[in-house]
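Peer 1: Sequence plus predicted model, see below.
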Amino acid sequence: MYLVEKISKHAAPHLHNCLEMILVTKGTLKIGMGQELFHMEKGDMAVIFPDVIHHCQVFGEGIKKAYYLWENIGSNHYFEETLQKKCPKNPVIPAQKIHPDIKHAFRSLQNDQRDQNPVVIQAYLQIILARSLPYLIMQEKRATDGTDLIYRTVSYIAKNYRNTVTLEGMAKDLGVSKYVISRVFSSTFHCNFNIYLNEQRLNAAVFWLENTDHTITDIWLDAGFESQRTFNRVFREKYKVTPRDYRKWYAEQNAQGKIEGTEYDKMS
């Protein structure tokens, strides 16, 4: 389990094999799932099931923040079958329907989460799910996949972005023409293969920069970049600063946020 409050940013369509919960603490956020885009206000919570393609969009001026919680479904035996086979038609639960137990669980998980007993952590996660799922209308997970090729494309990148990946190799592994794959990226993701691949690698790198003390070298290697020079170039193109400066800036922003108190504290 991992829980962090951070600034919300655009995220291209992707999937992962963990449960993700997003609780908006400042501003607004839009969650895309399948062909739908769901609006979120402060206090709303989204429950994203494992292996479901989704994306995030941020619009307007001002800072947007949310709690992001990730959990391995293997540790949730009671809900495991539902999480594997189903997913919500609408993943967003409005603020007025958020049970007080959920707020209490988020607070408890946020406080010294690394030092808590794993059994206690699992208990709080079970509470969040138990209080959330009754407000979600379920459907078969395959109903959100779009076309099978889109799902297989996103899944392939999610599983292999840390390795050496080429358009030709991916097309061969998926049993289709590279031109067909190229059309998927241009029509669905509105970018080419290399841009999408680097975006997923950058997402992983930024997460580690923000939330770990891993060295810069370890980060670019783990994220799948061929060299530190390539990593620095791609990073600067998107964030306009070096990875090292970004980590320093984020740490300063995070420290300032702790001094002022979290937005979540003001919601209760």
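Peer 2: Thanks, I have the structure now. Keep in mind that what you see is a predicted model, and the values were worked out from it rather than measured.
Peer 1: Would you mark the buried spots in stretch 7-21?
Peer 2: For stretch 7-21, the neighbour count (16 or more other CB atoms under 10 Å) marks 7-8, 11-15, 18-21 as buried. (Glycine included, C-beta is placed from N, CA and C.)
Peer 1: cool, and stretch 164-173?
Peer 2: 165, 167, 170-171.
Peer 1: cool, and stretch 206-223?
Peer 2: Under the neighbour-count criterion of 16+ other CB under 10 Å, stretch 206-223 has 206-210, 216, 219-221, 223 buried.
Peer 1: Remind me what the one helix or strand residue 102 maps to packs against, helices and strands.
Peer 2: Here residue 102 sits within helix 100-110, counting by DSSP states H and E. If contacts are counted by 3 or more CB pairs under 8 Å, 6 or more residues apart in numbering; DSSP states H and E, helix 100-110 sits against strand 2-7, strand 65-72, helix 118-132, helix 263-267.
Peer 1: secondary structure element for the residue nearest the centre of the chain?
Peer 2: Residue closest to the mean C-alpha point of the chain, counted by CA atoms, centre = their mean, is residue 20 at 6.7 Å. Taking DSSP H and E as the criterion, residue 20 maps to strand 18-26.
Peer 1: Helices along this structure, start to end?
Peer 2: Assigned by DSSP state H, the helices in the chain fall at 80-85, 100-110, 118-132, 148-160, 167-174, 178-184, 193-211, 216-222, 228-239, 243-260, 263-267.
Peer 1: among those, which is nearest residue 93?
Peer 2: helix 118-132 (6.1 Å; CB to CB).
Peer 1: elements contacting that closest one?
Peer 2: helix 100-110.
Peer 1: could you give the angle of the helix it packs on to strand 65-72?
Peer 2: Inter-element angle recorded for helix 100-110 and strand 65-72: 80 degrees (by axes from the mean of the first three to the mean of the last three CA atoms, to 10 degrees).
Peer 1: Helix 100-110 to strand 2-7, inter-axis angle?
Peer 2: Using the same axes, to 10 degrees: helix 100-110 against strand 2-7 is 100 degrees.
Peer 1: Okay, buried residues for helix 100-110 please.
Peer 2: Buried-residue list, helix 100-110, by 16+ other CB under 10 Å: 102-103, 105-106, 108-110.
Peer 1: Next: stretch 238-258.
Peer 2: Buried, per 16+ other CB under 10 Å, within stretch 238-258: 243, 246-247, 250, 257.
Peer 1: can you tell me which residues contact residue 176?
Peer 2: Going by CB atoms under 8 Å, 6 or more residues apart in numbering, residue 176 touches residue 149.
Peer 1: From residue 228, how far out is it?
Peer 2: For residue 176, the distance to residue 228 equals 34 Å [CB to CB, to the nearest Å].
Peer 1: ok, now residue 139?
Peer 2: For residue 139, the distance to residue 228 - CB to CB - is 44 Å.
Peer 1: swap in residue 41?
Peer 2: On the measure of CB to CB, residue 41 and residue 228 end up 41 Å apart.
Peer 1: Then residue 161?
Peer 2: The value you get for residue 161 to residue 228, if CB to CB is used, is 17 Å.
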